[in-house]
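*Asks:* sequence and computational prediction follow.
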Amino acid sequence: MTPTTPDHLVTRFAPSPTGHLHIGGARTALFCWAFARSHRDARGRPGRFMLRIEDTDAARSSDESARGILEDLAWLGIDWDDGPSLHYQGRTIGGDERHVGPFFQAQRRDTYDRYIRQLVEQERAYPAFERAEELDAKRREATAKKQTYRYDRAALSIPLPDRLRRMASGEPHVVRLRAPDDALVVHDEVLGDVTYAAGEMDDFVIRKADGFPTYHFAVVVDDELMGVTHVLRAQEHLNNTPRHVALQRALGFRTPVYGHMPIIMNMDGSKMSKRDKARAARKAAKDAMAKDPKMTAELLADSTALDVATVNGFLAAESDAVETAELFGRHFGVALPEVEIWDFRRSGYLPEAIVNFVALLGWNPGMKTADGKDLEKFDAAFLAERFSMDRIGRGNSKFDRSKLLNFNAAAIGGLSDEQFARRWLEWMLEHEAEAHRVVSKLPHDRLLLLARALKPRAKTFREALRSAAFVFTSDEGFPMDMAAVGKHLLANDKAGVGVLREFKPRLAAMADWSPEAITGALEGFAKEKGMPNPGSIAQPLRVALTGSGVSPGLGETMAVLGRESSLRRIERCVAELGA
RNA sequence: GGCCCCGUCGUCUAGCCUGGUCCAGGACACGUCCCUUUCAAGGACGUAACACGGGUUCGAAUCCCGUCGGGGUCACCA
């Protein structure tokens, strides 16, 4: 098995399939991908990007999660050369061209066992028989005395033949690496040399009692066997690196190039995690309960179809269950913060906006635009060409949602009407099936008009859907904002209704039902009647047509609605309020 | 607490390696104004930062030391 020649660059992204793809993981994947894509070796070959699934935590891993992560990556436009195959939008991503698979670690246990045996035979590693609870107790004791706990190597005092015999007899045990006693320097492409003093590392576990390798061991073995040359990962792994280097030395492996990148934090400085959703949902519930004394856990349980114990557990922060959080979010009408790629998809973000924004968190191209400003807007293709490790930042960054929203709005604004319509529809098909049914039935020309009306007003596809509410209402009757009705239709002795009654025949007589013609008619009417501004006709019309004082331009709104619908809505309004 | 990393506008950052062109530039957010049929979008302008203290130097955001602050990590999770 010759996975690669030494000069062939290989990066990898190695998620564990215990949930959706986290925004931070997405950035890691993007940088690894971009680094491989932007590189050419001496023979002009591009680097390779590999995907590996780290499912050595048998209890928490699931195939479903793995599949979801693959899809999220594909959605972002990050494709991998080596790794599990995924059929996505008519093409296949991944495969095992280099014959380095399988890519699921749970399927590689024989390989790990082989190397473990080798280390044990060489006495570079040894079995240890303490139970987890024993060690926990010792750890707690040390912590109480404000000391750092390190494994005391007790197992080493068991005579070697006994150790091997007990191990072979099937007695539960872990295998620990004999950690090196000397100091160790890790070279990092982003941070420079990082020195760890002698004696800092303890004899860490490399195979668990259930027979699975630990993360450290599996990573080191796989990176070697899969020909990985460059490891780009988040700084939370920095302190794992000396362990990995120690393992590489014990096994006679080469050490890949490391680069650790800053961590993405919430605006308040906390780590971005699924728990943020629970926190937001809990706050919404507590605010509601504080405002309305009748709101109780029992009532909540009832209306969210949960049992009281679940509700109480969630309110008391004993559980951060995402499902409960989402039920609460829906119940109280609050949006939960997005932290996983799936969340952003559902909220109507564009992959290109996420890629652009997330790339800027910890990296920047260091280039200027033609008008002398810092270049900030770029796409994946640009990254695949221009990415470089030496421009990765060192400090953590905070995830500023308002800037992401701005990038997303810009990405939406950059779409043609045709593109917007198609992608918005695709989004609805996946996330809002009901809305999709209605919108997909619109005649194409009206759909494009709607796209044009929505684009500048929507920061996300979901927002676009909200602005398009008038499309989903029935001409025969729909909820109206009573404050707007009062202000624009009923005030001054129903002046607004009177204006509508007067204007309606004009509309009915129009030959050209285009946004421009409608706008022209509106302005002409206002001028003719000596209105101080077109608002006196525009606002009553708006309320009649959409039920709200806020909507896209009236020309577009009426064009989308069509002549018949528009007139019927005005008619109904006059009839109901006129008397 | 031990060890490790980091510290430029509220936020993302350019500049730092190779001191002077920086009384620090851009973007988002915010504010004011213009445009305007609502809401947006768009245009113009503005507020706002080198954490602090010592050095080195003719000169420091840039080099050195210390302090403070933030983060990570100390599992049979990854």
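*Replies:* Thanks, I have it. Not measured: the values here are computed from a predicted model.
*Asks:* could you use CA atoms for every contact and neighbour count after this?
*Replies:* Will do.
*Asks:* tell me how many other residues crowd A:Asn356.
*Replies:* Using other Cα atoms under 10 Å, A:Asn356 has 21 neighbouring residues.
*Asks:* mean confidence (pLDDT) on whichever strand or helix holds it, please.
*Replies:* Using DSSP states H and E, A:Asn356 maps to helix A:351-359. Mean pLDDT, computed over helix A:351-359, is 97.
*Asks:* for A:Asp379, what are its contacts?
*Replies:* Each residue near A:Asp379 by Cα atoms under 8 Å, 6 or more residues apart in numbering is listed here: A:352, A:355-356.
*Asks:* how close does it get to A:Leu404?
*Replies:* Separation of A:Asp379 from A:Leu404 (Cα to Cα, to the nearest Å) stands at 14 Å.
*Asks:* then A:Ala179?
*Replies:* From A:Ala179 to A:Leu404 the distance is 44 Å (Cα to Cα).
*Asks:* okay, which residue is most central for chain A?
*Replies:* Closest residue to the average C-alpha location of chain A: A:Ile341 at 2.0 Å, with Cα atoms, centre = their mean.
*Asks:* now check stretch A:518-528, is it near RNA strand B?
*Replies:* Yes. Using Cα under 7 Å from any atom of the strand, stretch A:518-528 reaches RNA strand B at A:519, A:523.
*Asks:* buried stuff in that stretch?
*Replies:* Judged by neighbour count (16 or more other Cα atoms under 10 Å), stretch A:518-528 contains these buried residues: A:518-519, A:521-523, A:525-526.
*Asks:* cool, and stretch A:181-200?
*Replies:* By neighbour count with 16+ other Cα under 10 Å, stretch A:181-200 contains the buried residues A:184, A:186-191.
*Asks:* before we move on, what about stretch A:234-252?
*Replies:* A:234-235, A:238, A:241-248, A:250-251.
*Asks:* do the same with stretch A:291-311
*Replies:* A:296-297, A:300-301, A:308, A:310-311.
*Asks:* three-state assignment of A:Asp152?
*Replies:* Under DSSP: H, G, I helix; E, B strand; the rest coil, A:Asp152 falls in the coil class.
*Asks:* burial count for it?
*Replies:* Burial of A:Asp152 is recorded as 11 neighbouring residues (other Cα under 10 Å).
*Asks:* picking that back up, quick one: which of the buried residues of stretch A:234-252 sit in strands?
*Replies:* Judged by DSSP state E, the buried residues of stretch A:234-252 include A:Ala234 as members of strands.
*Asks:* restrict the buried residues of stretch A:234-252 to contacts with RNA strand B.
*Replies:* A:235, A:238.
*Asks:* which ones among the buried residues of stretch A:234-252 map onto helices?
*Replies:* The helices, defined by DSSP state H, take in A:241-248, A:250-251 from the buried residues of stretch A:234-252.
*Asks:* which phi and psi does A:Val231 have?
*Replies:* With angles defined as degrees, to the nearest 10, A:Val231 sits at phi -110, psi 110.
*Asks:* correct me if wrong: it contacts A:Tyr258.
*Replies:* Yes. Counting by Cα atoms under 8 Å, A:Val231 does reach A:Tyr258; the two are 4.9 Å apart.
*Asks:* any chance of the buried residues of stretch A:181-200 in CSV, plus distance to RNA strand B and secondary structure?
*Replies:* As requested, the buried residues of stretch A:181-200 are exported to CSV (distance: Cα to the nearest atom of the strand, whole Å; DSSP: H, G, I helix; E, B strand; the rest coil):
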residue, distance to RNA strand B, secondary structure
A:Leu184, 10, strand
A:Val186, 9, strand
A:His187, 10, strand
A:Asp188, 9, strand
A:Glu189, 11, coil
A:Val190, 8, coil
A:Leu191, 5, coil
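*Asks:* export these as JSON lines, with columns for distance to A:Leu561.
*Replies:* Formatted as JSON lines, these follow (distance: Cα to Cα, whole Å):
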{"residue": "A:Leu184", "distance to A:Leu561": "71"}
{"residue": "A:Val186", "distance to A:Leu561": "65"}
{"residue": "A:His187", "distance to A:Leu561": "64"}
{"residue": "A:Asp188", "distance to A:Leu561": "60"}
{"residue": "A:Glu189", "distance to A:Leu561": "58"}
{"residue": "A:Val190", "distance to A:Leu561": "56"}
{"residue": "A:Leu191", "distance to A:Leu561": "59"}
